[in-house]
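*Asks:* requesting a structural model of the entry that follows:
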Amino acid sequence: MACRISELVLECADPERLAAFWSDVLGYVELDREEDGSIEIGPPDTGFGGPQPTLVLSPNDEPRKGSRRLHIDVSATDRDQDAELERLLALGAVPADVGQTGEEEWHVLADPEGNEFCLLRRRIAPVGGA
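*Replies:* Predicted coordinates for the structure are as follows:
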C-alpha cells in the first residue's frame, strides 16, 4: 500500500489573499475555514480526498527566511504556456529569479506573498477531462 498527497499546507501572512489567488490559478473553491484563520481550497466537485490535493493556507506572521525547499509546479489545461503566463500575471503572479539561465522551458513566478512556483511548458488534460 502507498500514500498519496491529500493536501499541501502553505504558511502565509494573508490566507484570504492567497486563497483567492490560488483558487483563481487552480480553479479551486473554498472548502473549509478553521478558527485559527486557515482556509482550505480544493476542486469544486470532489474536495478533500479527490484525485487532486487540496491546498491549506495557514496564517503565520513570522518573516520567511530564505527560499522554501518545496514549490508548486502548474501546467495549463486549456491553453498554451504563453496564454497561461499572461493569465497568471494578470492574477497577480510576478516573474521570479531563482538563478535560471533563460534557456528553461518553464517560467518561474511568485504568488502575491513571494512563494515561488513554476509554470511548466507541457499542457495536461484536466482531471476527469479530455
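*Asks:* going forward, measure contacts and count neighbours with C-alpha atoms only.
*Replies:* Noted.
*Asks:* any chance you could map the helices in this structure?
*Replies:* 15-26, 81-91 (DSSP state H).
*Asks:* show residues contacting the shortest one.
*Replies:* Here helix 81-91 makes contact (Cα atoms under 8 Å, 6 or more residues apart in numbering) with Phe21, Asp24, Val25, Ser75, Ala76, His107, Leu119, Leu120, Arg121, Arg122, Arg123.
*Asks:* and it, which residues are buried?
*Replies:* Neighbour-count burial for helix 81-91, counted by 16 or more other Cα atoms under 10 Å, picks out Gln81, Glu84, Leu85, Leu88, Leu91.
*Asks:* what of stretch 17-36?
*Replies:* Leu18, Ala19, Phe21, Trp22, Ser23, Val25, Tyr28, Val29, Glu30, Leu31.
*Asks:* with stretch 88-106 instead?
*Replies:* Within stretch 88-106, the residues that qualify as buried are Leu88, Leu91, Ala93, Val94, Pro95, Ala96, Trp106, counting by 16+ other Cα under 10 Å.
*Asks:* same list (the helices of the chain) but as TSV, adding mean pLDDT and distance to Leu70.
*Replies:* Output for these, formatted as TSV (pLDDT from 0 to 100; distance: least, Cα to Cα, whole Å):
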stretch	mean pLDDT	distance to Leu70
helix 15-26	97	16
helix 81-91	96	20
